[in-house]
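A.B. asks: pasting the sequence and the predicted coordinates here, then a few questions.
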Amino acid sequence: MTRTTPSPSPSPERARLAAALRDLRTRTGLSMVGLAERTAFSKSSWERYLNGKSVPPRDAVRELCRLASEPEGRCLALWEIAESEWSGRAAQARPSDTPAEAPAEAPMTAPEPVPSARSTPASRSERSGPASRDETRAGHRGAAVAVLASVCAVVVGGVAITLFLVLGQDAPRSSSSASSSPSATGPRCRGAACEGRSPMDMKCGVGPQTLASYRTASGAMLELRHSETCGASWARMWGTRIGDRLEVTADGRPRSAKVEVKDEADAAAYVYTPMTTTRTGTLVRACFRPAADGEEECFEGQVR
């Protein structure tokens with residue numbers, strides 16, 4: 001009996017990139033077939049990229065950012081980390097950070113007295129002998145160590161900047177940033193201005209609170225989300241089926257979303273409802289209506 005080996009799960013780097021690409025694809029409203037029609041990459045290629053089975057080319061990431069009207073910086077930083085792990089460049093760079101054998105350092109000696117300006121010819125010839133050649137070789141070793149240290153500093157600095165770009169985007173906003181006005185890189189709406197708008201298009205999906213989670217009888221996953229910065233809440237679902245519907249209500253204002261795609265691979269990605277304005281203490285209710293015959297399933301969460 002032949003035993004099949006399960007395919008390995010994607011690395012954390014590839015999984016993080018794939019999740020970001022799935023969010024962008026959701027914002028475009030395109031199916032896998034639609035992506036293939038509007039880009040230079042096939043439907044099967046996009047399925048591998050969005051599931052984290054392989055790392056997409058840099059051009060694929062840029063084209064998806066263009067279709068979603070998203071700045072390229074964050075996704076290209078995620079791509080750089082995932083591609084480095086995928087290609088093995090990260091593993092190759094680590095051993096070179098420190099030399100295999102550091103040259104033995106000569107014991108420190110007291111400095112020689114500086115000769116007077118009127119040195120004799122004999123003293124000058126003595127200083128140009130073997131001792132001078134040893135000092136020259138020591139100087140070359142010191143220069144090599146200095147160059148190696150500079151290269152290491154550049155590598156560490158580049159990794160630090162990349163991590164800052166990635167983690168800084170995913171981290172929740174601080175209270176001071178919440179009180180500031182919307183900027184080009186921050187949320188694009190606040191309060192009543194977010195009513196009925198997409199949480200991803202308005203950039204309210206950065207560091208949101210999860211008010212409640214729920215798993216349906218069909219296996220779909222649901223979440224109620226809230227952005228303190230935007231002052232709005234919404235619901236999202238994934239692992240759904242074509243035709244499934246999700247509705248979120250707060251203070252009597254219903255907002256709904258339906259899985260309207262061409263294939264099951266698209267239905268597995270995130271689908272978001274529009275936002276509804278909420279504040280601390282607001283009770284938010286989400287109801288899931290399966291496409292197949294089945295009962296409506298509802299759950300609630302309160303804004304804290």
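C.D. replies: Ah, there it is. Not measured: the values here are computed from a predicted model.
A.B. asks: next secondary structure after the helix or strand of the chain with the lowest mean pLDDT?
C.D. replies: Across the helices and strands of the chain, mean pLDDT, DSSP states H and E gives its lowest value to helix 175-178, namely a mean of 37. Proceeding N to C from helix 175-178, the next assigned helix or strand is strand 209-215, under DSSP states H and E.
A.B. asks: which helices and strands sit right next to that next one?
C.D. replies: On a contact count with 3 or more C-beta pairs under 8 Å, 6 or more residues apart in numbering; DSSP states H and E, strand 209-215 meets strand 221-227, strand 283-289, strand 297-302. C-beta here means a position set from N, CA and C on the backbone, and glycine is covered the same way.
A.B. asks: what does the first one contact?
C.D. replies: What it means is strand 221-227. The contact list for strand 221-227, computed with C-beta atoms under 8 Å, 6 or more residues apart in numbering, reads 187, 199, 204-216, 232-239, 246, 248, 275, 278, 284, 286, 288, 299-301, 303.
A.B. asks: kindly write the ChimeraX command that selects the buried subset of these.
C.D. replies: Selecting only the buried entries of the contacts of strand 221-227 in ChimeraX, with 16 or more other C-beta atoms under 10 Å as the criterion:
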select :187,199,204,205,206,208,211,212,214,216,232,233,234,235,236,237,238,239,246,248,275,278,284,286,288,299,301,303
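A.B. asks: what about residue 57, how many residues nearby?
C.D. replies: Other residues near residue 57 number 15, with proximity taken as other C-beta atoms under 10 Å.
A.B. asks: what strand or helix carries the nearest residue to it once chain neighbours are set aside?
C.D. replies: Distances taken as C-beta to C-beta, 6 or more residues apart in numbering place residue 41 nearest to residue 57, at 7.8 Å, with adjacent residues excluded. For residue 41, there is no enclosing helix or strand under DSSP H and E.
A.B. asks: residue contacts, residue 41?
C.D. replies: Neighbouring residues of residue 41 by C-beta under 8 Å, 6+ apart: 35, 49, 56-57, 60, 63.
A.B. asks: just the ones of these in helices?
C.D. replies: Among the contacts of residue 41, the members falling in helices (DSSP state H) are 35, 49, 60, 63.
A.B. asks: tell me the contacts of the closest residue to the last one other than its chain neighbours?
C.D. replies: Looking back up the chat, that one is residue 63. The spatially closest residue to residue 63, leaving aside those adjacent along the chain, is residue 39, at 4.7 Å (C-beta to C-beta, 6+ apart). Counting by C-beta under 8 Å, 6+ apart, residue 39 touches 46, 60, 63-64, 67.
A.B. asks: tell me the buried residues within those.
C.D. replies: 46, 60, 63-64, 67.
A.B. asks: which one of these is nearest residue 252?
C.D. replies: Minimum distance to residue 252 across these is 35.5 Å, recorded for residue 67 (C-beta to C-beta).
A.B. asks: that closest one touches residue 28, doesn't it?
C.D. replies: Yes - contact criterion C-beta atoms under 8 Å: residue 67 and residue 28 qualify, at 4.7 Å.
A.B. asks: domain map for this protein?
C.D. replies: 8-99+145-171, 191-302 (automatic domain parsing).
A.B. asks: before we move on, back to that, just the closest of the buried ones among the contacts of residue 39 to residue 85, please.
C.D. replies: Lowest distance from residue 85 to these (C-beta to C-beta) belongs to residue 60, with 17.3 Å.
A.B. asks: with adjacent residues omitted, what lies nearest to that closest one?
C.D. replies: residue 41 (5.3 Å).
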